[in-house]
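K.L.:
Here's my sequence, what's the structure:
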Amino acid sequence: MTPSARPEGDPQDGVFTDGSATPNPGRGGWAAVYVIGGAIVAERSGADPATTNNRMELTALLEGITLVPPGTPAVLHSDSQLAVRTVNEWAPAWEARGWKRSRGPVENLDLVRPLVERLRSRPELEVRWIRAHVGHRWNEYADELAARASAAR
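P.N.:
Have a look, this model is predicted:
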């Protein structure tokens, strides 16, 4: 993609994460790519034979944290509104209630709790939502890595 073809506000720094499962639930993949100044610094991806898209999105964020050296400010970009709202909005209330929702248990608590704890220990990191499938270069790249991880047997 040429620079002129990039959508307005196409970030060129941070960790870009994605996860998916096809079908959902089904075989899934996740990916995280750390980019500085439009160049890849590090990337990771993986798969799970029986999962959901939400679990893969949360896993991608967890793994993305490991790519950034401690003390280095960075934005973790996720195209999952559920994952972003989970860590930025809902988890503090769940934690205050003993990791319970007002209507039943917290789904994927085995991923949510460690994600929240790691982010708390890394105040230099921020999680932001990025719109999917609109041409954001590094979000599209993370999507491709996650799909390849999922397809690998």
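K.L.:
following the least confident helix or strand in the chain by mean pLDDT, which helix or strand shows up next?
P.N.:
Here the helix or strand of the chain ranked lowest by mean pLDDT, DSSP states H and E is strand 104-105, holding a mean of 90. Using DSSP states H and E, the helix or strand that follows strand 104-105 towards the C-terminus is helix 109-121.
K.L.:
which one's the longest strand in this structure?
P.N.:
Ranked by residue count under DSSP state E, the longest strand found in the chain is strand 39-51.
K.L.:
That strand - contacts with which helices or strands?
P.N.:
Contact partners of strand 39-51 among helices and strands, from 3 or more Cβ pairs under 8 Å, 6 or more residues apart in numbering; DSSP states H and E: strand 26-36, helix 53-67, helix 137-151. To be clear about C-beta, it is placed using only N, CA and C from the backbone, and glycine gets the same treatment.
K.L.:
As a markdown table, those with distance to Trp94, mean pLDDT and mean neighbour count would be great.
P.N.:
Formatted as a markdown table, the helices and strands packed on strand 39-51 follow (distance: least, Cβ to Cβ, whole Å; pLDDT from 0 to 100; neighbours: other Cβ atoms under 10 Å):
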| stretch | distance to Trp94 | mean pLDDT | mean neighbour count |
| --- | --- | --- | --- |
| strand 26-36 | 22 | 98 | 24 |
| helix 53-67 | 14 | 98 | 24 |
| helix 137-151 | 26 | 96 | 20 |
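K.L.:
closest to Leu111 out of the ones you listed?
P.N.:
When the helices and strands packed on strand 39-51 are compared by Cβ to Cβ, helix 53-67 sits nearest Leu111, at 4.1 Å.
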